[in-house]
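Q: A predicted structure for the sequence below; I have some questions about it.
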Amino acid sequence: MKMIKVEDAIGSILTHDVTQIIPGQFKGRLFKKGHLIQEEDIEKLRAIGKEHIYVWEVKEGQLHENDAAIRLSNLAKGDGIRASDEIKEGKIDFFADCDGVLKIDKEKLMTLNSIGEMMMATIHTNTPLKKGEKIGGTRVIPLVIDEEKIKEAETLITDKIMWMEPFKAKKCLLITTGNEVYKGTIKDAFLPVIKKKLEYYGSTVSRQVILPDQKELIIEAIQQGLQENVDLIICTGGMSVDPDDVTPSAIKESGGRLVTYGSPVLPGAMFLLAYHGKTPVLGVPSCAMYSKRTVLDLVLPRILIDEELTAEDIAAYGHGGLCLDCGVCTFPHCSFGK
Ligand SMILES: Nc1nc2c(c(=O)[nH]1)N[C@H]1C(S)=C(S)[C@@H](COP(=O)(O)OP(=O)(O)OC[C@H]3O[C@@H](n4cnc5c(N)ncnc54)[C@H](O)[C@@H]3O)O[C@H]1N2
Ligand code: MOO
């Protein structure tokens, strides 16, 4: 690569995209990499402060930023991730190529970003996404990089850094508890909430049963759901400390394996998760009926990709487990659950 004065550049090929920024108005490409410089371009280059430009000279063992970005992109992106077709200013962007939950191997991302002269930035792991949403970007820092650096990354990172786990369409049994709801004193407000959240990710409530706060009836309903082979059971109401709050005991006594009763998430402290074999049973506290976002929004997407959650997964939610209940909710693109 050789530096020459812009006035001597007519007929030369640009080695990289040239960016123009007009504060508050424009940021973008003025000239594309590979552009053949014409006489009329000289004034435009001068106008954005360029007195010199680089002319490309290929040297053995070096990679142009665009070629290096392609190598990094191939290294990083796994199933369900699409890279941008065009490389702009040496950068490749990543997008979700299906509806699902984003997975980032944070250790490998750290390894790549610790090598130097290259970068990769992403959103958080476990973010539920719709097809087309942006996930991250990568580039190298210098215009040309020693190929050895890229080879080092390729040696250290043998598995993909990011991939999507697609949602599975699941059928859910909803067990709504509460004497007041059962008797009809209060109209059930949980079904529309659970239905909307499940349907957003392509799953459905196949059946709802409304029960009084009676442990034996709740146990029976759970066991019937398991016999019917539903994919998921959600119990609502009666999850806290009143004498009539029998739902946690019912789920525990229905058998299976308790992962947690209680979660470090607000709203959602009284959440319960258990498994009967591979079938998850969720105890969802009534805050999920009232608050826009709760522990259910963190856990449900992962349940719908068939991830088997552990007590450690739930404990890890503490850091970022407070929903700020913002006026305009931007979840999942906020600190909640990250
Ligand atoms: N002293 C304490 N009080 C509370 C605690 C606690 O630990 N100590 N926990 C709080 C938390 S956290 C939550 S969340 C709430 C409620 O939890 P529950 O799941 O036990 O809810 P319920 O008591 O059954 O009902 C609360 C409220 O919501 C109405 N409800 C319930 N289900 C329905 C439905 N399907 N449709 C319409 N309305 C429903 C119910 O009538 C009550 O008004 O507890 C805190 N308190
Ligand atoms: O389970 Mo309560 O959820 O923290 O509002």
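A: That came through fine. Ligands and ions are numbered 1, 2, ... in the order given.

Q: quick check: closest non-adjacent residue to Pro332.
A: Nearest residue to Pro332, sequence neighbours excluded (C-beta to C-beta, 6 or more residues apart in numbering): Thr127, at 4.9 Å. The C-beta positions use only the backbone N, C-alpha and C, and glycine is treated the same way.

Q: show me what contacts Lys33?
A: Counting by C-beta atoms under 8 Å, 6 or more residues apart in numbering, Lys33 makes contact with Leu14, Thr15, His16, Asp17, Asn66, Ile87.

Q: burial of the residue nearest to Pro332, as a residue count?
A: 20 (other C-beta atoms under 10 Å).

Q: which residues sit in contact with Val265?
A: Phe271, Thr294, Val295, Leu298, Tyr317, Gly318, Gly321, Leu322, Cys323, Gly337.

Q: for the host helix or strand of Leu112, name the packing helices and strands.
A: Assessed by DSSP states H and E, Leu112 sits inside helix 106-115. Packing contacts for helix 106-115, counted by 3 or more C-beta pairs under 8 Å, 6 or more residues apart in numbering; DSSP states H and E, involve helix 65-76, strand 118-122, helix 147-156.

Q: show residues contacting that helix.
A: By C-beta under 8 Å, 6+ apart, helix 106-115 touches 72, 75-76, 118-120, 122, 125, 149, 152-153, 156-157, 159, 161-162.

Q: which among those residues count as buried?
A: Leu72, Leu75, Ala76, Met118, Met120, Thr122, Lys149, Glu152, Ala153, Ile157, Ile161, Met162 (16 or more other C-beta atoms under 10 Å).

Q: save these as a markdown table, and put in distance to Ala221 and pLDDT too.
A: Below are those laid out as a markdown table (distance: C-beta to C-beta, whole Å; pLDDT from 0 to 100):
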| residue | distance to Ala221 | pLDDT |
| --- | --- | --- |
| Leu72 | 52 | 97 |
| Leu75 | 49 | 95 |
| Ala76 | 46 | 97 |
| Met118 | 55 | 98 |
| Met120 | 48 | 98 |
| Thr122 | 42 | 98 |
| Lys149 | 60 | 97 |
| Glu152 | 57 | 97 |
| Ala153 | 53 | 97 |
| Ile157 | 48 | 95 |
| Ile161 | 43 | 98 |
| Met162 | 40 | 98 |
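
Q: quick one: which of the residues you listed is nearest ligand 2?
A: Thr122 (29.7 Å; C-beta to the nearest ligand atom).

Q: residues touching the residue lying closest to Glu39 once chain neighbours are set aside, list them.
A: Distance criterion C-beta to C-beta, 6+ apart; nearest residue to Glu39, sequence neighbours excluded, is Ile10 at 5.5 Å. Ile10 makes contact with Ile37, Gln38, Glu39, Asp41, Ile42, according to C-beta under 8 Å, 6+ apart.
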